[in-house]
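S.K.: Here is a sequence together with a model predicted from it:
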Amino acid sequence: MDIINVLQLVFSSALVYSAPLILTALGGTFSERSGIVNVGLEGIMVMGAFSSVVFNLTFASQLGNWTPWVGVVVGGLIGILFSLIHAVATINLRADHIISGTVINLMAPALAVFLTRVLYDGRGQTDIISENFGKANIPLLEKIPVLGPIFFRGTSAPAFVGIAIAVLCWFVLFKTRFGLRLRAVGEHPQAADTLGINVYMTKYAGVLLSGLLGGMGGAIQAQAISLNFSASTIAGQGFIAMAAMIFGKWNPLGAMGAAIFFGFAQSLSVIGNYIPIIQDVPSVWLQVAPYLITIIVLVGVIGKSEGPAANGKTYIKSK
Amino acid sequence: MSETNFVIEMKGITKEFGTFKANDNINLQLKKGEIHALLGENGAGKSTLMNILSGLLEPTSGKILIDGKEVTINSPGMANKLGIGMVHQHFMLVKKFTVTENIILGSEPNKAGVLDQKTAQQSIKELSEKYGLLVNPASKIESISVGMEQRVEILKTLYRGAEILIFDEPTAVLTPQEINELMQIMKALTNEGKSIILITHKLDEIKEVADRCTVIRRGKSIDTVNVSTTSQQELADMMVGRSVSFKTEKKEAYPKEVVLSVENIVVKEGRGLEAVKSLSLEVRAGEILGIAGIDGNGQSELIQAITGLTKTESGKIKLNGKEIQNNTPRNITENGLGHIPEDRHKYGLILPMSLEENIAIQTYYKKPLSNKGFLNPKEIKEYAKKLIEEFDVRTQSETVPASALSGGNQQKAIIAREIDRNPSLLIAAQPTRGLDVGAIEYIHKRLIEQRDNGKAVLLMSFELDEILNVSDRIAVMYEGNIVAIVEPKETTQQELGLLMAGSSLEKARAAVEKELGKEPTHVE
Amino acid sequence: MNNKSKLDNILVPVFSVILGLLLGALIMLVFGYNPVAGYQAMVQGAFGSSFYIGETLRQATPLIFTALGFSVAYTAGFFNIGVAGQALLGWLFSVWFALSFPEIPGIILLFISLIVGALAGALWAGIAGFLRAYFNTSEVIVTIMLNYTALYTANYLIRNVLSESSDTTARIPEGASLRWAWLSDLTSNSTLHGGIFLALIMAVVVWIFMKKTTAGFEIRAVGLNPFASKYAGMSTKRNIIISMLISGSLAGLGGAMEGMGTFQNIFVQGGIPSIGFDGIAVALLGLGNPVGILFSALLFGALKIGGNSMPLVADVPTEVVDIVIASIIFFVGANYLIRMVVDKRAKLNKGGVK
């Protein structure tokens, strides 16, 4: 393989694996910025993956090329519904955020596989979808000499959408009224309350956004990588996304950067065999890299104070 | 309504928490343009009443009239709309946000949801100039002074167009200079037509700025008086409910050998700044050394360093002749320290644990409470029962969780536990905070009793009365240092106040004598 | 008053189980299954014969260990979400040791292999404890990350070190197995093994340790209020590390139960072993109390084993069982809901008496 081909392969597969992580990490950022710890991202991704595959299998004949994109929207909507459980439990019912997130992670695969069996004659996994994301060329940009073929040809369209969404999320979080209020609620809910901000509704918004984005992330994972749904479609991506959120210091752009980096590490363990140098590294190192790096970063770089001040604390309005 | 010169009328306000009546049929009327003091002891129900007015709590019964019209204030947002703004005692500020962001939060100028920082900064600048509230709009809260934080709190209410401002214990964390500035600001606000409710238990502040004063005691409103025609003593009597004797009975002290000596210690606080700067002091057997000072001048860090709860950067601490700086708390305790901690809920007790376990928490690892690593529940129970009886801790039983006890009884349990170990040094930090008068007297007696038994006692308190009445010597702390050590007989509240604000002893004495015409009045 | 709160404490798990089962029934009903038949199949499949009882007890065995492990750390104030990874390493290393030293006499080999498994779990959890104590790093995040690190590392070692590119290892030496013939005979050849007795013993040991020793007292104190514990001379750092070491060693033993008892080997895992999260669920339902843990482990063991019979007998997907388990933990976590309802009823009743 020549160098351009190798770079193209490395870059495009890194993006393919980053796309689900970017969106899910952004979702986690909204939830935690509002003060709700969300270890249930994994479960939300499962539901997004499941629903998008079912949608894809059902409507591919009508929607054709557009099926996976609509599937992502469907995954996001189901993600919202599912994240409602986490919101109700942590915001209204004062459940421990970690316990509630664990419930989400226990519930999602059980429910999704159950429904798969209901829908597909008792089988625990679906057929392969016919309309997947595949590889895309980005119009215009692909024409740039040298860089075009490396970065914009045969690449992952959802990843570029994810990057755009990350910029949008950054703008929402730091430049809009909604973002200011969301961050205030995660830092000092009582202060927000005294200023007439509806703390509970704002937290709901944060959690439901994590449901939307996490569900979309799961849908991308299923329709770009696994191409069907089974219990192992989502295997740790939700937790890597959470790691990316922490690594990115709860900032959408940071989370995006970390997600691309982790996606890169994940992709290396898959395509490493084709790349000189990397092919000699046991794949286990590339598999565990995101997790170990997160621990090292937590210890070395980020103090505990970096997260939202009231993250994980139940806000009880006195009456 | 004919008499609408009242901007606010609160009528028959009652607020129950379970069976406890925090407010019991309270009445309060606020005239336009006045500063109206709300006076009461800690726990009298002042904050509850004001939280009702600002929409944080809903009253169980009673009604609120604004400009003669009855209103329901069911949320802080509603209170804002009605022109009521609260300057909270514990500032409600988001540390990581800028001054501007904190002020506009909740009513942000925006174009289609996008923040309009320019407009915001402009209107903050105008407000800040109009009322003389100097702030730096672009600074983050975590980097500004306490005084400025309070100005931000005030601006928050003005930005929302508040006509009625509630100040909840606004001077607790301020230096005297900042207090002075605040008084000026409050007067400026009323000159602009605002009305102010000032919650406090400090009589001199009321005398200084308030027009009228409503006194609350144990959830009930006692009376509303004109401040100019009422003496401090009368106000104090109304607040406490009986003629207050400011004097605690005690004999002459006979100090003996040095028990605790602190030599040039430096202690840093959480953010890495020096909170205690090369401080030295000695406490002798048979004396009570009081540490006076405004909150935040290094008193807490000093005590945390002596008790081993925080690191001592440099210097020596000797207890009974042995160096103990940077020893573990257990080591220091075994060397003869008893410690009544400043925050009894955070440090003094494990609230969900039973009272008996809490009483055993300093000695559980020793015989007879345990043997070879195994607890002896029977001995623990007997020990707890003994102390409960001896120290008159009122409780249903020794097995209830510590959280079930009243504040006074919780504190008694802590004192019992600490004194019973017979320590040669007893450190009491804010030992009477939030307690009723009876419990306060009890605790003072116990401290003096320790002294009379030949123990050394170190008392840290923000209450000058307490310091003056209980101590044999008073060390005044200011910005991490002891600025003077005086004897209670030779000093006054005024002098201590000046010392706490950082002036030297000579200057303070001169100032006090000048003001009082060479007749230093002793506190009676 | 104390009695009342104790009653409340029992009411929460009982109501949670009932609500969880009702929700499971509702889901079966909605999707056209017969919930009565489903649950009947489940009960039959869990307790219907000595074989099924044996399987249920076997399923409960590792859960008792992982739940005890989780609860020790939880009591000290730490959410050890990593019991799964610790169990996996306990499983891996106990099997590895047994395979490496076949010459050691059986019962001694079993004993040492179990200890090796416990140590592996302890070390893995100890990392999180150490980082929490000295760097204040969230143990939740660290143990989640360590779970996946353990998963990929274990799979790699199984394929490349413990076997020659195979997905399973050889069986451990016969003598070191926890599968005792008389237990299999007693339960019509079920996979029940001697680990159940070890689990019962450990439940008693943990109970005594937590309630009756000064070290257990310290762990409880630190968990409830680390500041007051420090003030009272306890070392929070030491207690964090000790509680995580104990937690991890129990989780490691839970994993070793799979290696030395249930499967007698280790194989490549498709995901984090479920005994971890199921153990957390058991501990939460058992309110961290060893007696409660025994009961809830038995319940979850029965649900899981009984669930296997549901598709065969009643044509109900076995995943219903996992939905029920997740719902139970939802209600335990959201116990505020149950307490609120119970309190309201109590108040109404009081009003009625007047």
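M.R.: Arrived safely, thanks for sending.

S.K.: Could you use CA atoms for every contact and neighbour count after this?
M.R.: Will do.

S.K.: any idea where the helices of chain A begin and end?
M.R.: A:3-33, A:41-63, A:67-87, A:97-119, A:147, A:157-175, A:177-187, A:189-194, A:199-221, A:237-247, A:252-271, A:283-300 (DSSP state H).

S.K.: quick one, phi psi at B:Leu281?
M.R.: Main-chain dihedrals, B:Leu281, degrees, to the nearest 10: phi -160, psi 160.

S.K.: Can you give me the distance of it to chain C?
M.R.: 23 Å (CA to the nearest CA, to the nearest Å).

S.K.: Likewise for A:Val172?
M.R.: Distance from A:Val172 to chain C, by CA to the nearest CA: 27 Å.

S.K.: Can you give me the pLDDT of that residue?
M.R.: pLDDT for A:Val172: 97.

S.K.: give the contact list for it.
M.R.: A:178-179 (CA atoms under 8 Å, 6 or more residues apart in numbering or on different chains).

S.K.: can you check the one 4 residues further on too?
M.R.: By CA under 8 Å, 6+ apart, A:Thr176 lies in contact with B:110, B:113-115.

S.K.: want to try a markdown table for these, with secondary structure as columns?
M.R.: Below are these laid out as a markdown table (DSSP: H, G, I helix; E, B strand; the rest coil):
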| residue | secondary structure |
| --- | --- |
| B:Asn110 | strand |
| B:Gly113 | coil |
| B:Val114 | strand |
| B:Leu115 | strand |
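
S.K.: Residues of the stretch 51-200 of chain A that sit close to chain B?
M.R.: A:175-178, A:180-181, A:184, A:187-188, A:190-197 (CA under 8 Å from any CA of the partner chain).

S.K.: Now list the buried members of those residues.
M.R.: A:175-178, A:180-181, A:184, A:187-188, A:190-197 (16 or more other CA atoms under 10 Å in any protein chain shown).

S.K.: Can you pull the poorly scored residue ranges out of the stretch 51-200 of chain B?
M.R.: B:176 (pLDDT under 70).

S.K.: which stretches of it form helices?
M.R.: Taking DSSP state H, counting those that start in this stretch, the helices of the stretch 51-200 of chain B run over residues B:76-81, B:99-104, B:117-131, B:146-159, B:176-191.

S.K.: How far does the helix or strand bottoming out on mean pLDDT in chain A sit from its chain's centre?
M.R.: For chain A, the helix or strand with the lowest mean confidence is helix A:147, at a mean of 81 (criterion: mean pLDDT, DSSP states H and E). Its chain's C-alpha centre and that of helix A:147 lie 27 Å apart, by CA atoms, centre = their mean, to the nearest Å.

S.K.: From the contact counts, what lies against that helix?
M.R.: On a contact count with 3 or more CA pairs under 8 Å, 6 or more residues apart in numbering or on different chains; DSSP states H and E, helix A:147 meets no helix or strand.

S.K.: how about the residues of the stretch 101-250 of chain A that lie near chain C?
M.R.: Where the stretch 101-250 of chain A comes near chain C, counting by CA under 8 Å from any CA, the residues are A:102-104, A:106-107, A:110-111, A:113-114, A:117-118, A:122, A:232, A:235-236, A:239, A:243.

S.K.: how near is the closest residue to chain C within the stretch 151-300 of chain B to chain A?
M.R.: Closest contact between the stretch 151-300 of chain B and chain C, by CA to the nearest CA, is at B:Ser300 (13.9 Å). B:Ser300 is 22 Å from chain A, where distance means CA to the nearest CA.

S.K.: And residue 48, what's its pLDDT?
M.R.: Looking at chain A here, since you left the chain open. pLDDT at A:Gly48 comes out at 98.

S.K.: my bad, the chain I had in mind was chain C
M.R.: 93.

S.K.: Now do the phi/psi pair for it.
M.R.: Torsion angles, degrees, to the nearest 10, at C:Gly48: phi -70, psi -20.

S.K.: and residue 123, how many neighbours?
M.R.: You didn't say which chain, so I picked chain A. Residue neighbour count, defined by other CA atoms under 10 Å in any protein chain shown, stands at 16 for A:Arg123.

S.K.: My question was about chain C, not that one.
M.R.: Neighbours around C:Leu123, by other CA under 10 Å: 21.

S.K.: Is it part of a helix or strand, or is it coil?
M.R.: Per three-state DSSP, C:Leu123 ends up helix.

S.K.: Relative to C:Met234, how far out is it?
M.R.: Here the criterion is CA to CA, to the nearest Å. By it, C:Leu123 lies 23 Å from C:Met234.

S.K.: same deal with A:Ile150?
M.R.: 59 Å.

S.K.: swap in C:Val12?
M.R.: Taking CA to CA, one finds C:Val12 at 32 Å from C:Met234.

S.K.: Is there proximity between stretch B:305-317 and chain C?
M.R.: Yes - using CA under 8 Å from any CA, we find that stretch B:305-317 touches chain C at B:Leu309.

S.K.: Counting neighbours, show which residues of that stretch come out buried.
M.R.: Within stretch B:305-317, the residues that count as buried by 16+ other CA under 10 Å are B:305-313, B:316-317.

S.K.: part of a strand, is B:Ile361?
M.R.: No - counting by three-state DSSP, B:Ile361 is not part of a strand but coil.

S.K.: And the pLDDT at the most centrally placed residue in chain C?
M.R.: Residue closest to the average C-alpha location in chain C (CA atoms, centre = their mean): C:Gly279, at 2.2 Å. pLDDT for C:Gly279: 96.

S.K.: show me the contacts for it.
M.R.: Applying CA under 8 Å, 6+ apart, the residues near C:Gly279 are C:62-67, C:70, C:83, C:297.

S.K.: which phi and psi does it have?
M.R.: According to degrees, to the nearest 10, C:Gly279 has phi -60, psi -40.

S.K.: next one: B:Arg212
M.R.: phi -130, psi 170.

S.K.: just C:Thr213 next, same as before
M.R.: Per-residue torsions, C:Thr213: phi -110, psi 160 (degrees, to the nearest 10).

S.K.: could you measure it against B:Leu369, distance?
M.R.: The value you get for C:Thr213 to B:Leu369, if CA to CA is used, is 11 Å.

S.K.: Now for those two: what residues contact both?
M.R.: With CA under 8 Å, 6+ apart, C:Thr213 and B:Leu369 have common neighbours B:Leu375.

S.K.: Tell me the predicted confidence for the closest residue to chain B within chain A.
M.R.: Closest residue of chain A to chain B, CA to the nearest CA: A:Gly196 (3.8 Å). In the predicted model, A:Gly196 carries a pLDDT score of 86.

S.K.: That one against B:Gly106, yeah?
M.R.: Yes - when contacts are counted by CA atoms under 8 Å, A:Gly196 is listed as touching B:Gly106 (6.2 Å).

S.K.: where does chain B dip in pLDDT?
M.R.: In the predicted model, chain B carries pLDDT under 70 at residues B:1-4, B:42-43, B:176, B:240-247, B:271, B:515-524.

S.K.: What of the stretch 1-150 of chain A?
M.R.: A:1.

S.K.: let's go with 90 and repeat that
M.R.: A:1-11, A:64, A:122, A:134-150 (pLDDT under 90).
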